[in-house]
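Engineer: Provided below for reference: sequence and predicted model.
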Amino acid sequence: MNSDIRWPLQFNVIRRNSESNTYGMVRHHKDGSPKPHQGWDFAAKLGTACLAVGSGKVEFSGYHGDFGLMVVHSFVTGSVKYYAAYAHLQSTSLKKGDSVTKGQEIARTGNSGNASSLPYADLHLHFEVRTTPMPGLGLAGRVSPIKVFHVCPLKHAVVSN
């Protein structure tokens, strides 16, 4: 991982160590057909600090459908501009246009949106890397976070400093 970015949590591991909580066509509809998952679900207790993965500006802060309370901020790695999206939050004090610095606490994990009915063991931060601040449904406008982090913490946690 390069030094312009950091992980979004202090302790980062994919929820339930399950590939279905990673990026891509990893989920299934009731009929068994593949269904997209747009980011990584990091296991996180309620109220865990979410940290800016890079320095940039807040592009969105508020409620957005199934994502619940969400924050999206820009960041640059190498020469590429991306947008980090944090969903199912409990709280944030940021608003659109605010500046953020890498490592700054920007929110607290929660259970808003479609995560509101999940059992305690499934609480998580839904995290996406986007190429546009507010893409539609599906995978368009998003990239696998592995493109930025170069490793997926599926079976082994990554601890940030």
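Structural biologist: Looks like it arrived, so ask away.

Engineer: now this structure, which segments are flagged as low pLDDT?
Structural biologist: Along the chain, the model assigns pLDDT under 70 to residues 1-2, 161.

Engineer: Work out which residue lies at the spatial centre of it.
Structural biologist: Computing the C-alpha centroid of the chain and ranking residues by CA atoms, centre = their mean puts Phe127 first, at 0.9 Å.

Engineer: longest strand of the chain?
Structural biologist: strand 80-91 (DSSP state E).

Engineer: one step back: show me what the host helix or strand of the residue nearest to the centre of the chain is packed against.
Structural biologist: Using DSSP states H and E, Phe127 falls within strand 124-130. The helices and strands touching strand 124-130, judged by 3 or more CB pairs under 8 Å, 6 or more residues apart in numbering; DSSP states H and E, are strand 40-43, strand 80-91, strand 142-143. To be clear about C-beta, it is placed using only N, CA and C from the backbone, and glycine gets the same treatment.

Engineer: now it and strand 80-91, what's the angle there?
Structural biologist: 160 degrees (axes from the mean of the first three to the mean of the last three CA atoms, to 10 degrees).

Engineer: So the residue of the chain most remote from its centre: helix, strand or coil?
Structural biologist: Farthest-out residue of the chain from its mean C-alpha position, per CA atoms, centre = their mean: Asp31, at 27.5 Å. Reducing the assignment at Asp31 to three states with DSSP: H, G, I helix; E, B strand; the rest coil gives coil.
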